[in-house]
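Colleague: predicted structure and sequence below. I'll ask about it afterward.
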Protein chains: 2
Amino acid sequence: MGRVGLTTERLVRAGAELADEVGFDQVTVSALARRFDVKVASLYSHLRNSQDLRTGIALLALEELADRGATALAGRAGKDALTALANVYRDYAAEHPGRYAAAQLRLSPEAAANSAGSRHARMTRAVLRGYDLTEPDQTHAVRLLGSVFHGYVSLELGGGFSHSAPDSQETWTRILDALDALLRNWPGE
Amino acid sequence: MGRVGLTTERLVRAGAELADEVGFDQVTVSALARRFDVKVASLYSHLRNSQDLRTGIALLALEELADRGATALAGRAGKDALTALANVYRDYAAEHPGRYAAAQLRLSPEAAANSAGSRHARMTRAVLRGYDLTEPDQTHAVRLLGSVFHGYVSLELGGGFSHSAPDSQETWTRILDALDALLRNWPGE
DNA sequence: TCATGTGCCTAAACCTTCTAGGCAAATGAG
DNA sequence: CTCATTTGCCTAGAAGGTTTAGGCACATGA
């Protein structure tokens, strides 16, 4: 039996693909071993445990999302930037539902610190530079946008908006309009 | 060995408690059997399978949430109603994190039809009666509120807003102010 | 060409899910 | 009250996932 050339990197990537195909909670060390046609124990030279694999997929997803966000925001401002960033999350979730689910994994403090989480916060702040908000309102707005993006995408992914009129795309567009209006006219205290 | 008096009902309730204590994804038929000091196989007279248990917990959580919502909305309108319903979700998630996680479970179409899901949609519509929205804007607004409530609560539960200023309660209050302002001034097309 | 280390292996323990079949306690009919 | 039936929890066991320990062989660099 020759060597297959396993690395943590390759395992995490394959795990991410597996997650998109069968769902994040069906990602198992055994299934991954099958995919590489290798015995299960062999993976434990590259992974501390199965949680390690899941964390790796989560970190990968967060990086990919941040990369897409950075690209989308380049050269945009105001509502254009808002829409672009919002669509990054929604489109990524549609293309990679397993990875998106992974990105919601509760990370340990150390893992969170090493994650792209802060890039996401910074991107949202970048969007808000197009609106006239100062602290602490800007932080409130960052959290609102995070909530809406995450909430909408995960309800949509769960099938919450399918099979009922009006269609989800229409609502999405109108919600972004509404957020833009709200940010331009943020209520003072 | 006497009989313990297991029923599906009791198992689901105990499963919900277990979920709140150790997390929804740690809820297992084995752990439940341990809790009743009974052999695992005994539970299979009352549960078709472990997914059945999880679904039962999800349905219980949705009912409890809807009950709390109905109580909170009684006699309230406008922003008062908006705040009351929003706090139902947030407080329930804080008190019962495992059950709240269960409520996010992707249900089969049949289970969803038997769930309290439609009560939740109706409650949100009831809140919106205090604002001047007609279809299809009302549906857009229902979806926005669902997204914000769910998104905020799940980010908060995941620890997203802890250990950074301003504190989460402050943001929550300001987000509800902002949503109220937005609904009173919903942008037309 | 040999020494070393690494990669994947076998073996085995332990846990969770789930099915089949059995005994005994509870229940209800006569 | 007694007996038949139902029901509740049991033992046994298969199948699959996680994880550790230890081994052999292939790759690498001296």
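Modeller: Perfect, thanks for sending it. Here the structure is a predicted model, which is why all the values come from computation and not from measurement.
Colleague: any residue of the one helix or strand A:Leu176 maps to touching chain B?
Modeller: Using DSSP states H and E, A:Leu176 maps to helix A:168-184. Yes: using CB under 8 Å from any CB of the partner chain, we find that helix A:168-184 touches chain B at A:Glu170, A:Thr171, A:Arg174, A:Ile175, A:Asp177, A:Ala178, A:Ala181, A:Leu182. C-beta: built from backbone N, CA, C; applies to glycine.
Colleague: mind checking which of these are buried?
Modeller: By neighbour count, with 16 or more other CB atoms under 10 Å in any protein chain shown, the residues of helix A:168-184 next to chain B hold A:Thr171, A:Arg174, A:Ile175, A:Asp177, A:Ala178, A:Leu182 as buried.
Colleague: residues touching A:Ser50, list them.
Modeller: A:Thr28, A:Val29 (CB atoms under 8 Å, 6 or more residues apart in numbering or on different chains).
Colleague: for the one 5 residues further on, same thing?
Modeller: Each residue near A:Thr55 by CB under 8 Å, 6+ apart is listed here: A:Leu105, A:Leu107, A:Ser108, A:Ala111.
Colleague: repeat for A:Glu63
Modeller: A:Glu63 makes contacts with A:Ser115, A:Ala116, as judged by CB under 8 Å, 6+ apart.
Colleague: circling back: which of the residues of helix A:168-184 next to chain B sit farthest apart?
Modeller: A:Glu170 and A:Leu182 (18.7 Å; CB to CB).
Colleague: ok, back up a step: list just the nearest of the buried ones among the residues of helix A:168-184 next to chain B to B:Ala93.
Modeller: Nearest to B:Ala93 among these is A:Ile175, at 22.2 Å by CB to CB.
Colleague: that closest one contacts B:Thr139, correct?
Modeller: No: judged on CB atoms under 8 Å, A:Ile175 makes no contact with B:Thr139 at a distance of 11.1 Å.
Colleague: which secondary structure element contains the closest residue to A:Ala81 other than its chain neighbours?
Modeller: Of all residues not flanking A:Ala81 in the chain, A:Val127 sits nearest, at 4.7 Å (CB to CB, 6 or more residues apart in numbering or on different chains). Per DSSP H and E: A:Val127 is located in helix A:117-128.
Colleague: low-confidence stretches in chain A?
Modeller: A:1-2 (pLDDT under 70).
Colleague: how about the strands of it, start to end?
Modeller: All residues of chain A lie outside strands when identified by DSSP state E.
Colleague: mind listing the helices for it?
Modeller: With DSSP state H as the criterion, chain A has helices at A:8-22, A:29-36, A:40-43, A:50-73, A:78-95, A:97-103, A:109-113, A:117-128, A:137-157, A:168-184.
Colleague: name the helices or strands packed onto the helix holding A:Leu176?
Modeller: helix A:78-95, helix A:137-157, helix B:137-157, helix B:168-184 (3 or more CB pairs under 8 Å, 6 or more residues apart in numbering or on different chains; DSSP states H and E).
Colleague: identify all contacting residues around stretch A:72-85.
Modeller: Residues outside stretch A:72-85 that contact it (CB under 8 Å, 6+ apart): A:69, A:87-88, A:123-124, A:126-127, A:129-131, A:145, A:149, A:176, A:179-180, A:183.
Colleague: of all the residues in that stretch, which ones are buried?
Modeller: For stretch A:72-85, by 16+ other CB under 10 Å, it's A:Ala72, A:Leu73, A:Arg76, A:Lys79, A:Ala81, A:Leu82, A:Thr83, A:Ala84, A:Leu85.
Colleague: just the terminal-to-terminal distance for that stretch.
Modeller: End-to-end distance for stretch A:72-85, by CA to CA, to the nearest Å: 6 Å.
Colleague: I'd like the distance from it to the chain centre, please.
Modeller: 17 Å (CA atoms, centre = their mean, to the nearest Å).
Colleague: would you mind pulling up the elements that the helix holding A:Val127 packs against?
Modeller: Against helix A:117-128 (3+ CB pairs under 8 Å, 6+ apart) you get helix A:50-73, helix A:78-95, helix A:137-157.
Colleague: for chain A, which residues are neighbours of DNA strand D?
Modeller: Proximity of chain A to DNA strand D, by CB under 7 Å from any atom of the strand, involves residues A:2-3, A:28-31, A:40-41, A:44, A:48-51.
Colleague: and those residues, which of them are buried?
Modeller: Buried members of these, counted by 16+ other CB under 10 Å: A:Thr28, A:Val29, A:Ser50.
Colleague: now distance to DNA strand C too, for those residues, in CSV please.
Modeller: As requested, those are exported to CSV (distance: CB to the nearest atom of the strand, whole Å):
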residue, distance to DNA strand C
A:Thr28, 12
A:Val29, 11
A:Ser50, 12
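Colleague: between those residues, which is closest to B:Leu11?
Modeller: Nearest to B:Leu11 among those, with distances taken as CB to CB, is A:Thr28, at 26.1 Å.
Colleague: who in chain A is up against DNA strand C?
Modeller: Residues of chain A lying near DNA strand C (CB under 7 Å from any atom of the strand): A:Met1, A:Arg3, A:Val4, A:Gly5, A:Leu6, A:Val38, A:Lys39, A:Val40, A:Ala41, A:Ser42, A:Ser45, A:His46.
Colleague: separation between the second one and chain B?
Modeller: In this case it means A:Arg3. The gap separating A:Arg3 from chain B is 35 Å, by CB to the nearest CB, to the nearest Å.
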